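[1] Provided below for reference: sequence and predicted model.
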Amino acid sequence: MPSPPKPLRPGPAPRRIAISGGVVPGLAEAPAFTLTRPERLRLPVLVAVPHAGRAYPQAVTARMRDATLAQLRLEDRHADRLGVAIARETGAALLVAHAPRALLDLNRAEDDVDWDMIEGGRPADAASAEPGQRSNARARSGLGLVPRRLPGSGEIWRGRLAPAELDARIEGIHRAYHASLAEELSRIRAEWGAALLVDLHSMPPLRPAEGETRAPLVVLGDRFGASCHNALVGRALAHLETRGVPASQNRPYSGGYVLDRHGAPRDGIHAVQIEVCRATYLDRHLAEPGAGLPAIAAMLAGLVRELGAETALLGGGEQLRQAAE
């Protein structure tokens, strides 16, 4: 098996511009996300981390039946640290959500609502609305726009959510985040001729598939070819294979609303979801950063470089030489 990648070494990083936006309702106007990018983008890539937010209003955690368990199960715990390291090493843009998934899941459509958890139920003016993509099944499973229950753990909340609070979360978190994401992808495409969104998540440890001896440590999702050019995932899988990193494509995670909304390969905007096993970079409780985090960040940085170079090729712009360096 090839040697693992060397951990990223801290050093002077190019100056990055930081732009915060949105708002976490109930948290003294705290921003819902922060976008950072270098003054000169080295790759046509935006890395986004939607599920690692930890900005919890006290009123929200007080309504949780088991706040510690719910936070641990819902968060992509410390995946933002991976995103920061990747962006620092590759020169990619980075969008990190601070609003936690417990408040609102950025990988769900706005209308993916479990109305049984909302005071008053479905409003009359929403009765004829078309359901979101896979919304009914997601909401009934308890993992809709606002998570309601966790598999094997039951209900998350005490009481129902006020409609005004739901509206504030949608406006301050969901719409603001996706507008910023779309704007940055358009800016990158205008500069490079193509843009790539890397939607970064973490996953619980998987079991090996039938006939396999090792479980995937990385799962690449492209909505079964709909969200990006096939050359991107092909190059990513080849890159991981040569480094001895077990990986799979679209199984068990093919991506969700983020890829459906922003992936538009015919228009030069590509989107891929990367799920990385939490056991590779967290401690044995899957709660805090572990000894493996620097090496996993280095591995992912190498993968993002490969994807960025391929995206630059797809764009065919004058920036190709810069991306390959």
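    Everything's here; your move. As the structure is a prediction and not an experimental result, all values here were calculated from the model.
[2] what are the boundaries of the strands in the stretch 151-300 of the chain?
    Taking DSSP state E, counting those that start in this stretch as the criterion, the stretch 151-300 of the chain contains strands spanning 154-155, 195-203, 218-221, 247-249, 269-277.
[3] tell me the mean pLDDT for the shortest one?
    Strand 154-155 shows a mean pLDDT of 90.
[4] now what about that strand, what contacts it?
    Strand 154-155 has contacts (C-beta atoms under 8 Å, 6 or more residues apart in numbering) with 65, 148-149. The way it works is simple: take the backbone N, C-alpha and C, and place the C-beta from them, glycine included.
[5] quick one: which of the residues you listed is nearest A179?
    For those, the closest approach to A179 (C-beta to C-beta) belongs to R148, at 26.1 Å.
[6] quick check on A87: phi, psi?
    The phi and psi values for A87, taken as degrees, to the nearest 10, are phi -60, psi -40.
[7] I figured it hits V49, correct?
    No: applying C-beta atoms under 8 Å, one finds A87 not in contact with V49, separated by 9.8 Å.
[8] mind checking how far the closest residue to R158 other than its chain neighbours is from R261?
    Among residues not flanking R158 along the chain, R63 sits closest, at 5.1 Å (C-beta to C-beta, 6 or more residues apart in numbering). Distance, R63 to R261, using C-beta to C-beta, to the nearest Å: 29 Å.
[9] ditto for D116
    For D116, the distance to R261 - C-beta to C-beta - is 25 Å.
[10] those two: who's more crowded?
    A count of neighbours by other C-beta atoms under 10 Å puts R261 above the other of D116 and R261, at 16 against 11.
[11] which stretches of this protein form helices?
    Assigned by DSSP state H, the chain shows helices spanning 58-62, 67-74, 79-90, 135-140, 163-169, 176-192, 230-242, 257-262, 293-315, 320-324.
[12] now the strands of the stretch 151-300 of the chain in CSV, with distance to A231 and mean neighbour count?
    Putting the strands of the stretch 151-300 of the chain into CSV (distance: least, C-beta to C-beta, whole Å; neighbours: other C-beta atoms under 10 Å) gives the following:
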stretch, distance to A231, mean neighbour count
strand 154-155, 44, 12
strand 195-203, 11, 26
strand 218-221, 13, 24
strand 247-249, 13, 20
strand 269-277, 10, 26
